[in-house]
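> Coordinates only, no sequence provided:
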DNA sequence: TAGCGATGCGGACCGACAGTCCGCTTGTGC
DNA sequence: GCACAAGCGGACTGTCGGTCCGCATCGCTA
């Protein structure tokens, strides 16, 4: 079932599709931009980092920045891409309990655990990506995650509406909520995880009714 | 327990505190601004409505707009205020099952139900308010809701971390998620409510372990 | 009713920022 | 070494949130 989508997260980059090859200086610049953006995003906060600042810190012109990544959302997306892809590899084809092989219930718990860790490790970035992703577009990453959760939920309990519950669950485990709990409430990650797993109980233990 | 906070949502307005009284023209303008904002927000979408447009549509200058509401977040907050206050009255002192008197489990379900309806009835506005509320500030409304959920959860199951779970739950039942499910996925409100209640099962039925 | 201070108004103005454009530079294949 | 495409940079534009301050209006008092 999960095999049906070998790469549900397409490359997070611009039209570049189907061209000769990337020029040497171009790829160097891309790295510089990504590094600078990551740095700025971590240092200052999310909404405190302008595209100008990124370009400047990377030592390139704004034209280069926008040529590469299209817009703000494209940039943050590209930044998340690497870790997201490896997480995706993990739940699509890695070892259990995250990957195939374990029962859906355990896979779901491992997924929640992994996602929380992923978000927490780059919270500001994740928040920025969330805010930049305009409603109704740029849902590539969310889509891949939701598809997986939906699949597991459906296996777990065919009576619930897996699509709806998957989106609700991902809403609970979102960058914004995690940011609030960690940075403003000062809770530690394990506490949040316990809470999330408690929430999961409702759907992972097929209705006792 | 709920009696300890007769009005956890303070007036959503500016310093105006402790002054003679509001001048007649001022209050008329305030109404005009709120009406215009509500109208524009419903017609065009969330992020498609500039403050200039609101001022213009209301037939007042920008100065008047900002004097009243401080900033964009203040305006959306004021718009949500009325319905939020009545919802709050409902769960603080209204009739069961939403108000005091019913068992926590049922109150929680009624709360989820009511909140979903409230958000759905003014989705664009709620989304706008969410986006405008900068991280770490303007959490007045969220705070009041979270406090209530936290209280109910604590009564329901003292072993869980009520604060964390309350925030997770409110993250799941947020304007953004609801907007996605309703407008992009086309699910109807009842379906979403069923999903939310399914999610609730995990915490409303004290651990079977 | 006239006068007068306080309250509120309006819209010109400002700074910041996302995103575009185009002439120039530089890398690459021949 | 040449030619040309690919890529670069940063000036430029349009928009928007928010501020400021001189002027109008309100409503109280006499």
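Looks like it arrived, so ask away. Everything numeric here is computed off the predicted structure, so don't read it as measured data.
> Residue A:60 and DNA strand C, how far apart?
Here residue A:60 is placed at a distance of 11 Å from DNA strand C (CB to the nearest atom of the strand, to the nearest Å). Where C-beta positions appear, they are placed from N, C-alpha and C, glycine not excepted.
> Can you give me every residue that contacts the closest residue to that residue other than its chain neighbours?
Excluding the flanking residues, the one nearest residue A:60 by CB to CB, 6 or more residues apart in numbering or on different chains is residue A:29, at 5.3 Å. Residues in contact with residue A:29, defined by CB atoms under 8 Å, 6 or more residues apart in numbering or on different chains, are A:58, A:60, A:64, A:68.
> Where does the closest residue to the first one other than its chain neighbours sit: helix, strand or coil?
In other words, residue A:58. Nearest non-adjacent residue to residue A:58, counting by CB to CB, 6+ apart: residue A:36, 3.7 Å away. Recorded secondary structure, residue A:36: helix (DSSP: H, G, I helix; E, B strand; the rest coil).
> On the pLDDT front, check residue A:36 for me.
According to the prediction, residue A:36 has pLDDT 95.
> for the one 3 residues further on, same thing?
We have a pLDDT of 93 for residue A:39.
> Now do it against residue A:58, distance only.
According to CB to CB, to the nearest Å, residue A:39 and residue A:58 sit 9 Å apart.
> So between those two, which is more surrounded?
residue A:58 (21 against 14; other CB atoms under 10 Å in any protein chain shown).
> any idea how far that one is from chain B?
25 Å (CB to the nearest CB, to the nearest Å).
> wait, does the lowest-mean-pLDDT helix or strand in chain A contact chain B?
None of the helices or strands of chain A scores lower by mean pLDDT, DSSP states H and E than helix A:123-132, at a mean of 88. Yes. For helix A:123-132, a contact with chain B is found by CB under 8 Å from any CB of the partner chain, at A:127, A:131.
> List the residues that contact residue A:110.
With CB under 8 Å, 6+ apart, residue A:110 has these contacts: A:91, A:96-98, A:102.
> Ignore what I typed, I meant residue A:41.
A:49, A:79, A:124-125, A:128.
> Include secondary structure and pLDDT when you put the contacts of residue A:29 into a markdown table, please.
Formatted as a markdown table, the contacts of residue A:29 follow (DSSP: H, G, I helix; E, B strand; the rest coil; pLDDT from 0 to 100):
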| residue | secondary structure | pLDDT |
| --- | --- | --- |
| A:58 | helix | 94 |
| A:60 | coil | 94 |
| A:64 | helix | 94 |
| A:68 | helix | 92 |
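> The contacts of residue A:41: which two are farthest apart?
Pairwise distances among those were taken by CB to CB; the largest, 11.3 Å, belongs to A:49 and A:79.
> any idea how far residue A:173 lies from residue A:151?
17 Å.
> Please identify which of the two sits among more neighbours.
residue A:173 (24 against 19).
> Phi, psi for that one please.
Here is the backbone geometry of residue A:173 (degrees, to the nearest 10): phi -100, psi 70.
> domains of chain A?
Using automatic domain parsing, the domain ranges for chain A come out as A:20-70, A:71-209.
> my read: residue A:76 touches residue A:129, true?
Yes. Residue A:76 lies in contact with residue A:129 (CB atoms under 8 Å); the separation is 4.0 Å.
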